[in-house]
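Student: Give me a model of this one.
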Amino acid sequence: MSELETGVVYQAFSQKEAKEFDVELPGAQQAEAFVRAFLKRSTPRMSQQAREHQLQRKAVVLEYSTRRKQKEKKKKSKGLSARQRRELRLFDIKPEQQRYSLFLPLHELWKQYIRDLCGGLKPDTQPQMIQAKLLKADLHGALVSVTKSKCPSYVGVTGILLQETKHVFKVLTKEDRLKVIPKLNCVFTVEIDGFISYIYGSKFQLRSSERSAKKFKAKGTVDL
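Tutor: This is a model prediction of the structure:
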């Protein structure tokens, strides 16, 4: 009985039979044959058994695949803390260095710095402009005087400002004595080329680096 008589209209061929009878393979079988041939060319050193084993896995790694380099984490060097700097006394001025004459060149440099900052100190320069510039300027090297204070022993102290912290000024007097004066409850004056500016310490309790970005308001103060 023929296939037409039995109603059989489809017969599956193996790859060998398809090649023998010159019958084109279905799409899925063509794709499988292509993949196997491609893998055989791409991995010539692998055996058929190893290749079959790799095909069972989700990812196939070819011979020339590049490996990702692991980025080495750079260790950031940590600096000294504020407590460690205090313990090491890195910013302490030694007694043999506490001489007024040694810091006179620093004072001259500071005056030139303020002149450049204000565009030249002329007789017709507005004092308000100088005051605004000084509030944000670096005062290291300035000649500072205490005009008012709730502690009478501070009044009249004059010297070159050597160090400024958030709460104190360290001033070296002409008598080669280093004075530590708190900003709180003190009024200071800074003089340069005949211009005198007043600094209210209670409103000035900032580090010099923070002060440069702060906006000061022109208003009175209740305390000294």
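Student: Every contact and neighbour count from this point should use C-alpha atoms.
Tutor: OK.
Student: for the record, mean pLDDT for stretch 201-210?
Tutor: The average of the pLDDT scores along stretch 201-210 is 82.
Student: For it, buried residues please.
Tutor: G201, S202, K203, F204, Q205, L206, S208 (16 or more other Cα atoms under 10 Å).
Student: ok, the second one touching V168?
Tutor: No: using Cα atoms under 8 Å, S202 and V168 do not qualify as a contacting pair, with a distance of 10.6 Å.
Student: shared neighbours of the two, which are they?
Tutor: K183 (Cα atoms under 8 Å, 6 or more residues apart in numbering).
Student: sorry, back to before: state the pair within the buried residues of stretch 201-210 that is farthest apart.
Tutor: When Cα to Cα is used, the two most widely separated members of the buried residues of stretch 201-210 are S202 and S208, lying 14.7 Å apart.
Student: low pLDDT regions in the protein?
Tutor: Along the chain, the parts satisfying pLDDT under 70 run over 1-28, 55, 57-77, 215-224.
Student: burial measure for K133, as a count.
Tutor: 15 (other Cα atoms under 10 Å).
Student: Helix or strand: which one has it?
Tutor: helix 127-136 (DSSP states H and E).
Student: got the CA positions of that helix in PDB?
Tutor: Output in PDB follows, covering the C-alpha atoms of helix 127-136 (Å, rounded to 0.1, in the frame of the first residue of the first chain):
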ATOM      1  CA  PRO A 127      35.800 102.500  54.600                       C
ATOM      2  CA  GLN A 128      32.800 100.200  54.200                       C
ATOM      3  CA  MET A 129      34.500  98.500  51.200                       C
ATOM      4  CA  ILE A 130      37.700  98.000  53.200                       C
ATOM      5  CA  GLN A 131      35.700  96.600  56.200                       C
ATOM      6  CA  ALA A 132      33.900  94.200  53.900                       C
ATOM      7  CA  LYS A 133      37.100  93.000  52.400                       C
ATOM      8  CA  LEU A 134      38.800  92.500  55.800                       C
ATOM      9  CA  LEU A 135      36.000  90.400  57.200                       C
ATOM     10  CA  LYS A 136      36.700  87.800  54.600                       C
END
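Student: Check which residues of that helix are buried.
Tutor: I130, Q131, A132, L134, L135, K136.
Student: Give the next helix or strand downstream of it.
Tutor: Past helix 127-136, the next helix or strand by DSSP H and E is strand 143-149.
Student: which helices and strands sit right next to that following strand?
Tutor: Applying 3 or more Cα pairs under 8 Å, 6 or more residues apart in numbering; DSSP states H and E, we find strand 143-149 packed against strand 158-164, strand 186-192.
Student: same thing but at 10 Å, please
Tutor: Strand 143-149 sits against helix 104-117, strand 158-164, strand 168-173, strand 186-192, strand 195-200, with contacts defined as 3 or more Cα pairs under 10 Å, 6 or more residues apart in numbering; DSSP states H and E.
Student: for those, which one sits closest to L88?
Tutor: Taking those one by one with Cα to Cα, strand 158-164 is closest: 16.9 Å.
Student: so what does the closest one touch, helix or strand wise?
Tutor: By 3+ Cα pairs under 10 Å, 6+ apart, strand 158-164 packs against helix 104-117, strand 143-149, strand 168-173, strand 178-182, strand 186-192.
Student: Figure out which of the helices and strands packed on strand 143-149 is closest to K148.
Tutor: strand 186-192 (5.0 Å).
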